[in-house]
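Engineer: here you go, sequence then predicted model.
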Amino acid sequence: MNSTCIRLALTAALCGGVTVSAQNVPLVPAHRTASSANPPAVSVVARVNGAALSQRDLQHEMQSLFPYSEVHKGRVPGQYAADVRRKALQQIIFDELVHQEALRRKMTVSTAIFSDILKQAKSRFPSQAEYESYAAQEYGSVRGFEKQLRRGILIALLVDREITQKARMTDAQVRQVYSANKERFLKPESIWVQSISMNIPEKATPVQRAQARKRAEIVLPQAKAAKTFEAFGQLAEKYSEDDWRIMMGDHLLLHRGRLPEAVENVAFRLKTGESSEIIETSEAFVIVRVNGKQASSQIPFSQVSKSLREDLEKARLADLRAQFEQKLRSRYKVEELK
């Protein structure tokens with residue numbers, strides 16, 4: 001069982017609602033507790049108020065951030081290494097800042113919460129013996145593992161208090177944003193079209209362009225005469241050279257901006273049931289038929305409230321985290337080492 005499993009056990013337990021204050025706590029670290037008893041200088045990547053964060057701490061975090069590290073034998077491929085290392089370093093520093101702040105505030109982990117999360121962590125091992133073996137191998141002892149688990153819970157609780165809970169928005173707040181920005185929630189004008197296209201070869205010669213246009217001119221009278229979706233669709237299946245021919249040329253309903261500009265300018269001027277003249281684009285000579293239109297309309301709050309809330313809370317989480325980290329960095333000395 002690797003450190004990611006410990007991470008998942010801790011997260012699952014916290015998010016399972018052990019207590020009201022522990023619900024929905026963000027992911028917390030699985031690296032070892034920093035120690036002021038510094039390991040060899042070569043292995044130290046950062047210090048927070050003198051507490052050392054080791055290369056192994058960093059490696060654990062990098063493996064957690066890079067989901068395919070196990071496929072690469074625990075290593076992050078070179079093209080991703082610098083970015084993943086940077087993010088991992090900032091994360092372990094942030095975790096230690098939060099941990100030290102929790103200790104400064106004299107926060108503690110209740111016996112009930114710790115027992116429940118430890119039970120869930122142990123349940124991820126096939127046996128007690130394997131749990132003890134892992135704890136000894138990765139953390140020196142069962143006590144070392146449980147100390148780290150307690151540290152992770154403490155970090156999670158403070159992050160929940162200072163960031164997660166404060167980022168939550170009420171229904172009234174979400175609705176206020178919606179009401180103040182209704183133009184963002186307009187369903188654009190849309191059109192339902194079919195097409196018949198005669199493709200122009202890449203780097204076409206004048207002769208090739210003329211040939212493509214001639215093919216369109218042959219089909220045009222039949223397209224104009226087609227009075228139904230099916231009749232136009234049969235022509236598309238027979239003559240069209242674009243990928244939509246297998247769908248009877250049907251593009252379904254498209255809002256403005258989804259069609260080539262030249263086609264869109266013509267199509268939105270046509271009436272339902274009308275077919276266009278030949279429209280020239282950079283890639284083809286096109287004939288379109290309009291089968292229906294929908295005017296722009298306001299999307300109801302009920303349809304966007306969930307996604308809007310998620311977007312707003314995600315943005316607030318990022319802002320609050322940055323603010324909290326800046327506050328902690330102003331209080332504690334942070335040294336990033338090469």
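Structural biologist: Everything's here; your move.
Engineer: distance of A236 from R85?
Structural biologist: According to Cβ to Cβ, to the nearest Å, A236 stands 53 Å off from R85. All C-beta spots, glycine's among them, are computed from the backbone N, C-alpha and C.
Engineer: more neighbours, these two?
Structural biologist: Neighbours were counted for A236 and for R85 using other Cβ atoms under 10 Å; A236 has more, 25 against 18.
Engineer: doesn't the more buried one lie inside a strand?
Structural biologist: No: counting by DSSP: H, G, I helix; E, B strand; the rest coil, A236 is not found in a strand; it is helix.
Engineer: unless I'm mixing things up, it is touching R245, no?
Structural biologist: Yes: between A236 and R245 there is a contact at 5.2 Å, judged by Cβ atoms under 8 Å.
Engineer: just the buried residues of the longest helix anywhere in the chain, please?
Structural biologist: Counting by DSSP state H, the longest helix found in the chain is helix 301-331. Neighbour counts over helix 301-331 (16 or more other Cβ atoms under 10 Å) mark L308, R309, L312, R316, L317, L320, R321, F324, E325, L328 as buried.
Engineer: just to revisit the earlier point, spell out which residues are contacts of both of A236 and R245.
Structural biologist: I196 (Cβ atoms under 8 Å, 6 or more residues apart in numbering).
Engineer: related to what we said a few turns ago, now the buried residues of helix 301-331 as TSV including distance to G249 and pLDDT?
Structural biologist: Below are the buried residues of helix 301-331 laid out as TSV (distance: Cβ to Cβ, whole Å; pLDDT from 0 to 100):
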residue	distance to G249	pLDDT
L308	36	97
R309	40	97
L312	41	97
R316	46	97
L317	46	97
L320	51	98
R321	50	97
F324	56	98
E325	55	97
L328	60	97
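Engineer: right, and out of those, which lies closest to F94?
Structural biologist: E325 (5.6 Å; Cβ to Cβ).
Engineer: report the residue ranges of every domain in the chain.
Structural biologist: 3-169+306-336, 189-295 (automatic domain parsing).
Engineer: those: which one's closest to K182?
Structural biologist: Across the domains of the chain, closest to K182 is domain 3-169+306-336 (Cβ to Cβ), at 11.8 Å.
Engineer: thinking again about what came up before, which strands or helices does the helix or strand just after the longest helix of the chain pack on?
Structural biologist: Heading C-terminal from helix 301-331, the first helix or strand you meet, by DSSP states H and E, is strand 334-336. Where contact means 3 or more Cβ pairs under 8 Å, 6 or more residues apart in numbering; DSSP states H and E, strand 334-336 is packed against strand 44-48, helix 78-104.
Engineer: quick one, the first one and helix 78-104 angle?
Structural biologist: So that's strand 44-48. 30 degrees (axes from the mean of the first three to the mean of the last three Cα atoms, to 10 degrees).
Engineer: quick check: mean pLDDT across strand 44-48?
Structural biologist: Averaged across strand 44-48, the pLDDT comes to 95.
Engineer: what are the ranges of the helices in the stretch 51-200 of the chain?
Structural biologist: Residue ranges of the helices in the stretch 51-200 of the chain, as given by DSSP state H, counting those that start in this stretch, are 55-65, 78-104, 111-122, 128-139, 142-159, 165-167, 171-180.
Engineer: buried residues, the third one. List them.
Structural biologist: Under the neighbour-count criterion of 16+ other Cβ under 10 Å, helix 111-122 has I113, F114, D116, I117, L118, Q120, A121, K122 buried.
Engineer: check the last one too.
Structural biologist: Buried residues in helix 171-180, defined by neighbour count with 16+ other Cβ under 10 Å: V174, Y178.
Engineer: and the longest one, by the same measure?
Structural biologist: Neighbour-count burial for helix 78-104 flags 84-85, 88-89, 91-102 (criterion: 16+ other Cβ under 10 Å).
Engineer: can you put the helices and strands packed on strand 334-336 in TSV and add distance to R161?
Structural biologist: Output for the helices and strands packed on strand 334-336, formatted as TSV (distance: least, Cβ to Cβ, whole Å):
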stretch	distance to R161
strand 44-48	20
helix 78-104	9
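Engineer: nearest to D57, of the ones you listed?
Structural biologist: Taking the helices and strands packed on strand 334-336 one by one with Cβ to Cβ, helix 78-104 is closest: 5.2 Å.
Engineer: and the angle for that closest one with helix 301-331?
Structural biologist: Per the same axes, to 10 degrees, the angle that helix 78-104 makes with helix 301-331 is 70 degrees.
Engineer: other SSEs contacting helix 78-104?
Structural biologist: Checking 3+ Cβ pairs under 8 Å, 6+ apart, helix 78-104 ends up next to strand 44-48, strand 51-54, helix 55-65, helix 142-159, helix 301-331, strand 334-336.
Engineer: dump the ones you listed to JSON lines, plus distance to N199.
Structural biologist: Listed next are those as JSON lines, based on distance: least, Cβ to Cβ, whole Å:
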{"stretch": "strand 44-48", "distance to N199": "57"}
{"stretch": "strand 51-54", "distance to N199": "59"}
{"stretch": "helix 55-65", "distance to N199": "45"}
{"stretch": "helix 142-159", "distance to N199": "56"}
{"stretch": "helix 301-331", "distance to N199": "38"}
{"stretch": "strand 334-336", "distance to N199": "56"}
